[in-house]
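Chemist: take this sequence and fold it.
(one chain, ligands or ions: 1)
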Amino acid sequence: MTLEIKICGLSTAVGLDAAITAGADLAGLVVFPPSPRHVDLAAGRALAARARGRIAIVALTVDADDALLGDIVAEIVPDILQLHGRESPARVAAVRARFGRPVMKALPVATAADLAVVPAYAAVADRLLFDAKAPKDATRPGGLGQPFDWHLLERLDPGLAFMLSGGLDAANVAEALRITAAPAVDVSSGVEQAPGDKNPDKIAAFVRAAREAAAALPLP
Ligand SMILES: O=C(O)c1ccccc1NCC(=O)[C@H](O)[C@H](O)COP(=O)(O)O
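Modeler: Predicted structure coming up:
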């Protein structure tokens, strides 16, 4: 099985270079000040310049308005925009049309009922990212290092590419892939030694474990 791997919340050259060296496919840059992984536009621009041509660049925002999205597109020039807030399907369609680049919509998952919105988002997004639903008192909607019940995705066919996210690490990614057969995985906390502080060895271990697990799975 061919697997795409995203390392999210990269905020330093060391972390970015570790993701590239490990063979990850996508680098996630978080533009959301409450996050310990937040990068401002200048830092995002510099990291994107370092990444371009070596790894796909995903710019991640939460309920950003057009002005901020315009700045992100102009400064970071991402390959993908990841919308990780409460953006409606209509907002996703509008962002995609206005900024002319692929949009990955993050959908929070805690129970089967959370998957009822999948068709509406699958109709407008280029890709979906299934992440663990954040607790009500959380200071951010993602990057919390908590998984959800992967069996909820066991028989799901959203009809477009999707990414599994939420609490993954080198120790559990094989089980997550065996249960979900996800074509892509995403990790942030599981490759850190502290919130926002990426560990190159953990990045390498995660990519290795994910690649080995994918190779062992039957072709779809
Ligand atoms: O990573 C963050 O701090 C973050 C903040 C606000 C919105 C989204 C955020 N991360 C989104 C991601 O794509 C994470 O990689 C995903 O939530 C998984 O995180 P983790 O469970 O820590 O691996």
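Chemist: what residue is smack in the middle of this protein?
Modeler: Residue closest to the average C-alpha location in the chain (C-alpha atoms, centre = their mean): Asp186, at 4.9 Å.
Chemist: how about the residues of this structure near the ligand?
Modeler: 8-9, 28, 30, 32, 35, 37, 60, 62, 84, 131, 140-145, 165-168, 186-190 (C-beta under 6 Å from any ligand atom). To be clear about C-beta, it is placed using only N, CA and C from the backbone, and glycine gets the same treatment.
Chemist: again, 5 Å this time
Modeler: Contact residues, the chain versus the ligand (C-beta under 5 Å from any ligand atom): 8-9, 30, 32, 35, 37, 84, 131, 140-143, 145, 165-167, 186-189.
Chemist: out of those residues, which sit inside strands?
Modeler: Residues of the residues of the chain next to the ligand located in strands (DSSP state E): Val30, Asp131, Asp186, Val187.
Chemist: just for this protein, where's the confidence low?
Modeler: 1, 219-220 (pLDDT under 70).
Chemist: again, 90 this time
Modeler: Within the chain, the ranges that satisfy pLDDT under 90 run 1-2, 155, 157-158, 217-220.
Chemist: excluding residues flanking it in the chain, which one is nearest the residue of the chain found nearest the ligand?
Modeler: With C-beta to the nearest ligand atom, the shortest gap between the chain and the ligand falls at Gly143, namely 2.2 Å. The shortest distance from Gly143 to any non-neighbouring residue, by C-beta to C-beta, 6 or more residues apart in numbering, is to Ser188 (4.8 Å).
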